[in-house]
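J.: I would like to see how this sequence folds:
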Amino acid sequence: MQVTAHYSLPKPLCCSASLSPFFINSKTSLLPSHSLSFIYCKSLSTQLYGLRIKARQRRKVSPVFASTENNAERWLLEPIGDGDTRHIGFKVARPGAYEIASSVVTVGRLPDKADLVIPVATVSGLHARIQKKEGGLLVTDLDSTNGTFIDDKKLSPGVAAPVSPGSCITFGDIHLAIFRVSKLENAEVTKESEDSPVKPEADSPTEG
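T.: The predicted structure follows:
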């Protein structure tokens, strides 16, 4: 006589093996519940690992190239504004971080005019120019409507001004377009690590 027991398997809250003694289809094959839990947990672990890989890839900062030349010396602009949009009357996403990879980069709101695009209404279509020179960084306001600032100092249009690491640059908007400047060390190593594919980690053996 064939005896078949039917049980609904709850999803495990963690990947530890359950030692419950029930079986499925006891005549033809005996599959213990802890084996089912292990298979389910391994699949879940693979899915979660995939999500971690995607999250790491999304956090990468894309370099801004104005030309095909490769410069080892790189600078980073990190947004520090509070994201308040009440002064422009509608919501807009706060810009992300920008890595200056070329010797000269233009900054502005319009993609057809600027290399580094800040999609904020208070930023001019062509707002400023950033130039790397002799190990330093120079910023020039290009006659923008709301001005370009280094810390609290407003720049005169057309006059290049030096920027030191730790200073802040404001492109016309202290809420949405203010960035802290930092110089990247070992930029060549950083670029190699970004370009290299992410290798999956080997699954550690799990006891059943």
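
J.: going forward, measure contacts between C-alpha atoms and count neighbours the same way
T.: Will do.

J.: Extract the C-alpha trace of stretch 131-145 and format it as PDB.
T.: Taking Å, rounded to 0.1, in the frame of the first residue of the first chain, the C-alpha atoms of stretch 131-145 are listed here in PDB:
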ATOM      1  CA  GLN A 131      40.900  73.200 -16.400                       C
ATOM      2  CA  LYS A 132      43.700  71.100 -14.900                       C
ATOM      3  CA  LYS A 133      47.000  72.800 -15.000                       C
ATOM      4  CA  GLU A 134      50.400  72.000 -13.300                       C
ATOM      5  CA  GLY A 135      48.800  69.700 -10.700                       C
ATOM      6  CA  GLY A 136      46.100  72.200  -9.800                       C
ATOM      7  CA  LEU A 137      42.500  73.000 -10.800                       C
ATOM      8  CA  LEU A 138      41.300  76.300 -12.400                       C
ATOM      9  CA  VAL A 139      37.700  77.400 -12.700                       C
ATOM     10  CA  THR A 140      36.500  80.100 -15.000                       C
ATOM     11  CA  ASP A 141      33.000  81.600 -15.100                       C
ATOM     12  CA  LEU A 142      31.700  81.900 -18.600                       C
ATOM     13  CA  ASP A 143      29.400  84.900 -18.000                       C
ATOM     14  CA  SER A 144      26.800  82.800 -16.300                       C
ATOM     15  CA  THR A 145      23.500  84.300 -15.200                       C
END
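
J.: Flag every buried residue along that stretch.
T.: Within stretch 131-145, the residues that qualify as buried by neighbour count (16 or more other Cα atoms under 10 Å) are 131, 132, 137, 138, 139, 140, 141, 142, 143, 144.

J.: where do the strands sit along this structure?
T.: For the chain, applying DSSP state E gives strands covering 63-64, 74-79, 98-100, 104-108, 116-117, 128-133, 136-141, 148-150, 153-154, 161-163, 168-171, 178-184.

J.: Any chance of a markdown table for the ones you listed, columns distance to residue 91 and mean pLDDT?
T.: Formatted as a markdown table, these follow (distance: least, Cα to Cα, whole Å; pLDDT from 0 to 100):
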| stretch | distance to residue 91 | mean pLDDT |
| --- | --- | --- |
| strand 63-64 | 25 | 54 |
| strand 74-79 | 17 | 95 |
| strand 98-100 | 21 | 94 |
| strand 104-108 | 19 | 97 |
| strand 116-117 | 18 | 96 |
| strand 128-133 | 24 | 96 |
| strand 136-141 | 26 | 97 |
| strand 148-150 | 22 | 98 |
| strand 153-154 | 26 | 98 |
| strand 161-163 | 30 | 97 |
| strand 168-171 | 18 | 98 |
| strand 178-184 | 17 | 95 |
